[in-house]
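>>> Below are the sequence and a predicted model for it; my questions follow.
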Amino acid sequence: MNLKYIFLFTLSVLHVGSEESPEQCSKDDLSCTKEQKKQGVMVDESLYNSYEKKDITSREDFLIREELDHIDQIKSEKPDLAMNLVKRLLKDHPESPRALYTQALLYKILYSKLSTENKSIGKIEYLVKMLDNVKQIMKMHRSRVPTLLYTTAAELGLNISNNLAERDTTIEISKELVYGDRREEFNAEDSEFYFQTLLDQTFFSGDFEATKKLVIERTENVTYPSINMRLLMAMMTRIEEKNNIENDPFKRYNEALVEQTAPSDQEEKDELFLYSMELDKELRKLDKIEYVNIMYDLLAEMKYYPSRYQRTTTHVHGLTARPIWTKEQSEYKEKLDELENNWEKIRDEAINLVTVTPPENVTYGERSLNKNRKWKQYIFHGFGQESFPDSMCALAPTTCALLKDFPYATQCPLGTIKFSVIEPGAYIQPHVGGVNAKLRVHLPLVVPKPNITETANMARMLVAAEHEVTWEEGKVVIFDDSFEHEVWNETSEPRIILIVDVIHPDMTEKQFAELNSMFKFQKDASDDGAMAVHVDNMGPK
């Protein structure tokens with residue numbers, strides 16, 4: 001969920017003094033502020049009010065604005081020099097909130113420049129120090145820290161503490177934003193975001209009683225809680241039922257619970273889609289797969305998805321739902337036999353194409369599933385790109401000749417034809433195709449052969465959590481990618497497969513026409529190619 005930035009409520013009066021004595025303050029207690037000496041800071045108010053960075057600059061910091069501005073100007077290009085300058089500035093002004101925040105940003109810049117191997121060490125060297133700076137800023141009296149600087153620093157702290165898996169710190173920062181004495185300075189949208197962060201992090205911590213208390217407190221004067229709160233409450237009910245009833249052979253189904261949780265309109269459906277994806281991602285990080293399954297079972301009971309593992313965002317009714325298919329069941333046996341009979345030629349073309357294609361022409365798999373960038377794609381058709389470009393067909397003439405005039409693939413809604421390369425050590429996280437109108441064909445071209453320390457299933461795919469696929473070169477595998485699937489290559493060699501999407505054999509002409517009109521492709525902001533976007537909404541239809 002993206003961080004949002006607040007509108008500025010300009011502080012026109014300089015507050016001094018403190019509410020608590022130093023003896024009462026704990027070093028790490030964000031709710032406790034240090035005693036402030038009265039500071040008669042004299043500045044030219046007209047200059048201060050016209051200063052372009054007034055929103056993040058206190059009157060005290062305004063006196064050292066030239067030094068701060070210079071550091072800001074060079075920090076991206078010369079972070080080491082900027083760090084030396086800000087350290088020198090903090091020696092003379094140790095409680096400058098803007099200097100502390102600038103130093104935190106420099107820690108972030110320096111961390112980002114580390115190699116992958118050094119980032120584990122850099123977390124301590126940079127991220128922990130960055131978090132310390134944020135805490136120091138948040139502990140200052142409100143008169144010393146402009147609202148925008150305060151919230152920007154706090155949101156950086158939320159990001160970093162989450163990155164460090166410091167959940168207690170994330171909760172602490174969130175609580176200060178929700179309940180602290182500056183909460184009235186935030187607009188409604190940001191206040192809701194801070195509360196949702198606190199609610200989610202409390203839930204992830206496993207403290208269900210505290211989570212429920214937050215929901216009850218937030219909805220005391222609300223007739224209908226948000227869809228996010230209703231989902232969390234339903235999930236906690238199911239989890240507690242499961243934990244309290246051992247060896248119970250009967251599946252729990254509470255009709256009232258399902259009805260109360262279900263989205264009431266398309267806006268709530270869209271919100272539920274995004275929120276469930278966030279919960280899925282975080283719960284998998286925590287290895288809480290049981291909680292993930294409980295969530296998707298609930299969504300299936302609401303008729304939001306067909307089942308726990310088949311999670312379509314656009315569902316065509318009346319099509320056979322089957323995770324793994326045979327050639328005969330697919331009704332494309334003749335074409336699939338032809339591909340198998342030519343697999344060695346296709347393999348040689350794939351190896352050549354992968355070898356000569358420059359890195360800038362490679363399309364990577366979705367970043368959220370492929371964090372280490374070890375999933376590469378060489379696309380002949382689909383994703384809104386030119387179909388069977390001459391440059392690729394010159395290198396892969398057999399592949400193009402076999403498929404460019406095969407309409408059940410080239411006209412497949414949201415379908416693609418591509419070489420897919422999974423590098424050694426890759427893991428593609430659980431994901432779904434989202435539309436049940438197609439079947440996905442794998443023609444394995446290069447399957448890593450295990451060495452003396454490896455086993456045959458170290459390169460594998462798991463579909464719907466039950467069907468393990470280990471590929472055999474030249475033998476097609478067919479599956480419905482609207483079912484959850486994940487891929488491993490734990491071997492020391494790459495795996496190369498030809499992927500061909502084909503129209504689901506049960507599709508009618510009317511269904512085909514309707515589905516084709518529902519989507520368009522748009523360029524992704526990253527370098528991951530184009531993505532299909534529903535012309536109306538994002539949630540299940």
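Done, it's in. Numbers count the residues shown, from 1 in each chain.

>>> what number of residues lie near residue 307?
Residues near residue 307, counting by other C-beta atoms under 10 Å, number 15. Glycine gets a C-beta too; all of them are placed from N, C-alpha and C.

>>> what sits against the residue nearest to it when sequence neighbours are not counted?
Excluding the flanking residues, the one nearest residue 307 by C-beta to C-beta, 6 or more residues apart in numbering is residue 300, at 5.2 Å. Applying C-beta atoms under 8 Å, 6 or more residues apart in numbering, we find residue 300 in contact with 306, 307, 308.

>>> State the three-state secondary structure for residue 381.
When classified by DSSP: H, G, I helix; E, B strand; the rest coil, residue 381 comes out as strand.

>>> Now do it, the pLDDT please.
Looking at residue 381, its pLDDT reads 95.

>>> Tell me where the stretch 151-300 of the chain has helices.
Assigned by DSSP state H, counting those that start in this stretch, the helices in the stretch 151-300 of the chain fall at 167-179, 188-204, 208-218, 227-244, 255-261, 266-285, 289-301.

>>> nearest to residue 159, of the ones you listed?
Comparing the helices of the stretch 151-300 of the chain by their distance to residue 159 (C-beta to C-beta), the top pick is helix 167-179, with 9.2 Å.

>>> Going by neighbour count, which residues of the helix or strand where residue 408 lies are buried?
Secondary structure assignment for residue 408, by DSSP states H and E: helix 407-410. Across helix 407-410, burial judged by 16 or more other C-beta atoms under 10 Å covers 408, 409, 410.

>>> what stretches of the stretch 401-541 of the chain score poorly on pLDDT?
For the stretch 401-541 of the chain, the stretches with pLDDT under 70 are 519-541.

>>> if I look at residue 265, how far off is residue 224?
11 Å (C-beta to C-beta, to the nearest Å).

>>> For the stretch 151-300 of the chain, give me the ranges with low pLDDT.
Checking the stretch 151-300 of the chain against pLDDT under 70 turns up 245-253.

>>> got the contact list for residue 130?
Residue 130 touches 104, 107, 108, 111, 156, 160, counting by C-beta under 8 Å, 6+ apart.

>>> how about the nearest residue to it, chain neighbours excluded?
That would be residue 107: by C-beta to C-beta, 6+ apart, it lies 4.1 Å from residue 130.

>>> Tell me which residues are up against the strand or helix carrying the one you found.
Using DSSP H and E, residue 107 sits in helix 97-112. Contact with helix 97-112 is made by 56-58, 61, 64, 68, 71-72, 75-76, 79-80, 82-83, 86-87, 89-90, 93, 119, 122-123, 125-127, 129-130, 133-134, 136-137, 140, 144-145, 149, 152-153, 156, 160, as judged by C-beta under 8 Å, 6+ apart.

>>> quick one: average pLDDT of stretch 55-66?
Stretch 55-66 comes out at a mean pLDDT of 95.

>>> I should have written stretch 125-133 there, sorry.
On average, stretch 125-133 scores 92.

>>> List the buried residues of that stretch.
In stretch 125-133, counting by 16+ other C-beta under 10 Å, buried: 126, 127, 129, 130, 131, 132, 133.

>>> Filter those residues down to the ones in helices?
Within the buried residues of stretch 125-133, residues falling in helices by DSSP state H are 129, 130, 131, 132, 133.

>>> got TSV for those residues, with distance to residue 277 too?
Output for those, formatted as TSV (distance: C-beta to C-beta, whole Å):
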residue	distance to residue 277
129	32
130	28
131	27
132	32
133	32
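
>>> Backbone dihedrals for the closest residue to residue 144 other than its chain neighbours, please?
Using C-beta to C-beta, 6+ apart and skipping residues adjacent in sequence, the residue nearest residue 144 is residue 58, 5.6 Å away. Dihedral pair for residue 58: phi -80, psi 170, per degrees, to the nearest 10.

>>> so what's residue 58 up against?
Listed by C-beta under 8 Å, 6+ apart, the contact partners of residue 58 are 97, 98, 143, 144, 145, 146, 149.

>>> Neighbour-wise, which one of the residues you listed leads?
Result: residue 98 is most packed of the contacts of residue 58 (other C-beta under 10 Å), 28 neighbours.

>>> Local confidence estimate at it?
97.

>>> likewise the one 5 residues further on?
pLDDT, residue 103: 97.

>>> Check the contacts of residue 130 and tell me the two furthest apart.
111 and 156 (12.4 Å).

>>> returning to what we had before: which one of the ones in helices among the buried residues of stretch 125-133 sits closest to residue 287?
residue 131 (24.5 Å).

>>> Quick check: the gap between the closest residue to the closest one other than its chain neighbours and residue 143.
Closest residue in space to residue 131, ignoring its immediate chain neighbours: residue 160 at 5.1 Å, by C-beta to C-beta, 6+ apart. Going from residue 160 to residue 143 by C-beta to C-beta gives 26 Å.

>>> same question, residue 507
With C-beta to C-beta as the criterion, residue 507 and residue 143 are 66 Å apart.

>>> Same check on residue 243?
For residue 243, the distance to residue 143 - C-beta to C-beta - is 48 Å.

>>> and if you look at residue 457?
63 Å.

>>> go on, residue 386?
60 Å.

>>> With residue 313 instead?
Taking C-beta to C-beta, one finds residue 313 at 49 Å from residue 143.

>>> now residue 41
For residue 41, the distance to residue 143 - C-beta to C-beta - is 10 Å.

>>> about what we covered before: can you tell me which of the contacts of residue 300 is closest to residue 402?
residue 306 (33.1 Å).

>>> My understanding was that the closest one contacts residue 315; is that so?
Yes. Counting by C-beta atoms under 8 Å, residue 306 does reach residue 315; the two are 6.5 Å apart.

>>> Residue 461 falls within a strand, correct?
Yes. The assignment for residue 461, made by three-state DSSP, places it in a strand.

>>> residue contacts, it?
So residue 461 contacts 468, 469, 471, 477, 485, 486, 487, 488 (C-beta under 8 Å, 6+ apart).

>>> residues contacting the first one?
Spelled out, it's residue 468. Neighbours of residue 468 in contact, by C-beta under 8 Å, 6+ apart: 457, 460, 461, 462.

>>> Quick check: PyMOL command selecting the buried ones in those residues.
A single PyMOL command suffices to select whichever of the contacts of residue 468 are buried according to 16+ other C-beta under 10 Å:
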select buried, resi 460+461+462
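
>>> could the contacts of residue 468 go into JSON lines alongside distance to residue 238?
Shown next, in JSON lines, are the contacts of residue 468 (distance: C-beta to C-beta, whole Å):
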{"residue": "457", "distance to residue 238": "33"}
{"residue": "460", "distance to residue 238": "31"}
{"residue": "461", "distance to residue 238": "29"}
{"residue": "462", "distance to residue 238": "24"}
